[in-house]
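Trainee: How does the following fold in three dimensions:
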Amino acid sequence: MSSDDAGEEALLRLIEDGVSASATALGEVSKTSWLTQTVSINADGVEGMRSRMAADQETYYGSYLSMSGAIFMFIVPQKRGAALSRAFLGERGMRAGILMPQDDECIAEISNIVVHAIVNSLANACGESFIISAPQMLVDKKPALLASAIDKLKNNGESYAVMAYVHLSSEKLSSDCTVLLFLSPTFHTHLLDALA
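Mentor: Numbers count the residues shown, from 1 in each chain. Here you go, the predicted structure:
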């Protein structure tokens, strides 16, 4: 195995570690137990993602978070939004007379927690601090969400792209989501150098 291959594998493992760590953070915020599990993860590039998503005509919440050289996108089916919100709010969502956040606000906060756990995993391994933006929400089909994420990165070279299918579950919910990560060529190289 070449050092480049070893670096790529280490990078994917760090992303998986971040997904796993997000369960603890979700539990701390929602006051209920969560399990986050990476079902599959691959780095087959933007075109591979585009072909996987092309036939999917379902509508999704897409939450974008960015930092210098990277865009993260958290995607969950819109039809699962209400159930995810209820699970995330837990007992707080049951109290009469209290104005609860909208589903998209809850999805944004869930994405914020999951993506921050991934970023923290990368930052800790590199011995650096990364500053990430607040989530921005869109509702659309996967191909349009993917196109928007790529446009947001606005880099001139080929993006390094990772797609992770993640299973989220709590005491009252089970749902699949997708986490996409796009790195500019410069930032991708920087991460691999830091992990070497």
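
Trainee: ok, L145 - how many residues close by?
Mentor: 23 (other C-beta atoms under 10 Å). All C-beta atoms are positioned from the backbone trio N, CA, C, and that covers glycine.

Trainee: Leaving out chain neighbours, which residue sits closest to it?
Mentor: G62 (3.8 Å; C-beta to C-beta, 6 or more residues apart in numbering).

Trainee: same deal with F187?
Mentor: G69 (2.9 Å).

Trainee: so the one you found sits right up against T186, yeah?
Mentor: Yes. Between G69 and T186 a contact is recorded at 6.2 Å, counting by C-beta atoms under 8 Å.

Trainee: who's more crowded, those two?
Mentor: Between G69 and T186, counted using other C-beta under 10 Å, the more crowded position is G69 (18 against 13).

Trainee: residues contacting the more buried one?
Mentor: Applying C-beta atoms under 8 Å, 6 or more residues apart in numbering, we find G69 in contact with L183, S184, T186, F187, H188, H190.

Trainee: for the record, mean pLDDT for the helix or strand hosting A6?
Mentor: Assigned by DSSP states H and E, A6 falls within helix 3-30. The pLDDT scores in helix 3-30 average 86.

Trainee: For this structure, which segments count as helices?
Mentor: 3-30, 45-53, 81-89, 103-126, 142-153, 185-195 (DSSP state H).

Trainee: can you put those in JSON lines and add distance to E171?
Mentor: Shown next, in JSON lines, are the helices of the chain (distance: least, C-beta to C-beta, whole Å):
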{"stretch": "helix 3-30", "distance to E171": "10"}
{"stretch": "helix 45-53", "distance to E171": "31"}
{"stretch": "helix 81-89", "distance to E171": "8"}
{"stretch": "helix 103-126", "distance to E171": "16"}
{"stretch": "helix 142-153", "distance to E171": "29"}
{"stretch": "helix 185-195", "distance to E171": "36"}
